[in-house]
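> Any chance you could fold what I've pasted below:
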Amino acid sequence: MQLSILKEKGINCYIKDEYTITIDPLLSPAIGGMKLMVDKRQWDLATKILDASDNEFLQTIACPNCHQHTLNQVVLVQKPTGFWEKLKFRLVNGQEAEVKKYFQCGTCGFKLEELPTEE
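As a prediction, the model looks like this:
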């Protein structure tokens, strides 16, 4: 979906390792999964476009606690310091940093691990 959004806005991008992961999903942790690759010269614009798209989508979802449309995504990045810790992160996560994401209501502060699903 992100690839389509960026291409629609004229951003030069592609998906790296898409076919490898599709053929053998067990290789995903070893090579770090599929990656959205963007031209360096368009990186800032691509980031702004994707952030705006995410925020626009989040504003359509009501907080399950206060029912306001003020959800925000919070991203925490933990980077290892030593060689062995970097190696462990690479083997376990497929990358050298651990990224944790959650959603928080801007009105009441309610935290969600996942977005609520409509039933």
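> The residue positioned nearest the centre of the chain: helix or strand, and which one exactly?
Nearest to the mean C-alpha position of the chain, counting by C-alpha atoms, centre = their mean, stands residue 101 at 8.1 Å. Residue 101 belongs to strand 98-105 when elements are defined using DSSP states H and E.
> Check which helices and strands that strand is in contact with.
strand 71-78, strand 111-112 (3 or more C-beta pairs under 8 Å, 6 or more residues apart in numbering; DSSP states H and E). (Each C-beta comes from the backbone N, C-alpha and C, glycine too.)
> quick one, which of those is nearest to residue 58?
Nearest of these to residue 58, taken as C-beta to C-beta: strand 71-78 at 4.7 Å.
> can you give me the angle the helix or strand following the closest one makes with strand 98-105?
Where DSSP H and E defines the elements, the next helix or strand beyond strand 71-78 is helix 83-93. Angular relation of helix 83-93 and strand 98-105 on a 0 to 180 degree scale: 60 degrees, by axes from the mean of the first three to the mean of the last three C-alpha atoms, to 10 degrees.
> packing partners for the longest helix seen in the chain?
Assignment by DSSP state H gives helix 43-58 as the longest helix of the chain. With contacts defined as 3+ C-beta pairs under 8 Å, 6+ apart, helix 43-58 has these neighbours: helix 2-8, strand 71-78.
> a markdown table please, covering the ones you listed and showing mean neighbour count.
Shown next, in a markdown table, are the helices and strands packed on helix 43-58 (neighbours: other C-beta atoms under 10 Å):
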| stretch | mean neighbour count |
| --- | --- |
| helix 2-8 | 14 |
| strand 71-78 | 12 |
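> Break the chain down into its structural domains.
Domain ranges of the chain: 1-58, 62-119, per automatic domain parsing.
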